[in-house]
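S.K.: From the sequence below, what's the structure:
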Amino acid sequence: MSAVLLRWSRTQGPYLEGSTQGRSSSSRALCLLMPTELFIERFCMTGGNSPVGYLKAYHTNLYLSADPVKVREALEEGIAAATMFTPKKMTEVSETQLRVAFDGDAVLFSDESERIFKAPGLAEFLENEKKHENKPLGHGPLKGFLEALGKLQKRFYDKGQRLDCPIRTYLVTARSAASSGTRALKTLRSWGLEIDEALFLAGAPKGPMLEKIRPHIFFDDQMFHVERAAEMGTVACHVPYGIAQRVNKEGGKEMSSAPE
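M.R.: As a prediction, the model looks like this:
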């Protein structure tokens, strides 16, 4: 990902502003970032305290951390956030185009439909989606981040660079295109947002699609999908939001979901 950002800063100017916030000493953080040549002007050194309180002041569009506690704190403050898992061996990704893949329910959208799937069941879920096809889903925790990416894309579109835009977004969802995908697309349209590619898998594994996309980063609310993506070499991020975070008391495992 750093290769794409570095290329932008050299050829297009500072479209993105990054900040590092955490417990590291300022000298150590600077030493780690200097070799990357990334344009990062802001630092927030908290001396071991949580940086979450500063996120709104920084107008943060996305907060990534390896600490799930801090991520939950950020989400509670209304900040788009996810726990990042870096694979031991990373898949080769594009150095000219930033590819960001999102799950749908409980990530871009609220978990309202997923709750129906979990409790009454599949039949009720499908009936609900058909009945409310023209009613937009509620906002999910990463909706604002997709908006921020859309604003960046528009800068390139306005220059006539739609086909050469260095940002591409993907919706990778277990929803079915025929039975429940329409509501997802209509929701995005009602928000005035575009997604470059929408992949409706109807419950099929996400791995093969992620292997084809080779995203720089992938967001999902289910640890199962996050772990599988990381095993394939993708930087995968867990969004701890929604009903999927309930733990099965008997098995101690996260509950699975079809419409996500």
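S.K.: quick one: terminal-to-terminal distance for stretch 172-179?
M.R.: End-to-end distance of stretch 172-179: 16 Å, with CA to CA, to the nearest Å as the criterion.
S.K.: Repeat that for stretch 150-170.
M.R.: 12 Å.
S.K.: Then stretch 193-206?
M.R.: 23 Å.
S.K.: Please apply the same query to stretch 80-92.
M.R.: 26 Å.
S.K.: Now do the contacts for Gln97.
M.R.: Applying CB atoms under 8 Å, 6 or more residues apart in numbering, we find Gln97 in contact with 4, 165-168. From N, CA and C alone the C-beta is placed, and that goes for glycine too.
S.K.: packing partners for the host helix or strand of Cys237?
M.R.: Per DSSP states H and E, Cys237 falls inside strand 236-238. Applying 3 or more CB pairs under 8 Å, 6 or more residues apart in numbering; DSSP states H and E, we find strand 236-238 packed against strand 81-85, strand 217-220, helix 223-231.
S.K.: and among those, the most buried is which?
M.R.: Of the helices and strands packed on strand 236-238, the one with the most neighbours on average (mean count of other CB atoms under 10 Å) is strand 217-220, at a mean of 26.
S.K.: tell me the mean pLDDT for that one?
M.R.: Strand 217-220 shows a mean pLDDT of 98.
S.K.: can you pull out the strands in the stretch 101-250 of the chain?
M.R.: With strands called from DSSP state E, counting those that start in this stretch, the stretch 101-250 of the chain shows them at 167-173, 197-200, 217-220, 236-238.
S.K.: And the ones you listed: which comes nearest Arg228?
M.R.: strand 236-238 (8.2 Å; CB to CB).
S.K.: Buried ones in that closest one, by neighbour count?
M.R.: 236-238 (16 or more other CB atoms under 10 Å).
S.K.: Excluding its own residues, what touches it? List them.
M.R.: Contacts of strand 236-238 (CB under 8 Å, 6+ apart): 64, 68, 71, 82-85, 87, 217-221, 223, 225-227, 229-230.
S.K.: Now with 6 Å, please.
M.R.: Residues outside strand 236-238 that contact it (CB atoms under 6 Å, 6 or more residues apart in numbering): 82-85, 218-219, 223, 226, 229-230.
S.K.: quick one: strands adjacent to the strand holding Cys237?
M.R.: Applying DSSP bridges, strand 236-238 is found paired with strand 81-85 (antiparallel), strand 217-220 (parallel).
S.K.: Please convert the ones you listed to JSON lines, extending it with distance to Phe109.
M.R.: Formatted as JSON lines, those follow (distance: least, CB to CB, whole Å):
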{"stretch": "strand 81-85", "distance to Phe109": "15"}
{"stretch": "strand 217-220", "distance to Phe109": "12"}
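S.K.: right, so of these, which gets closest to Phe102?
M.R.: Closest among those, once you apply CB to CB, is strand 217-220, at 5.1 Å.
S.K.: any idea how far the closest one is from the chain center?
M.R.: 5 Å (CA atoms, centre = their mean, to the nearest Å).
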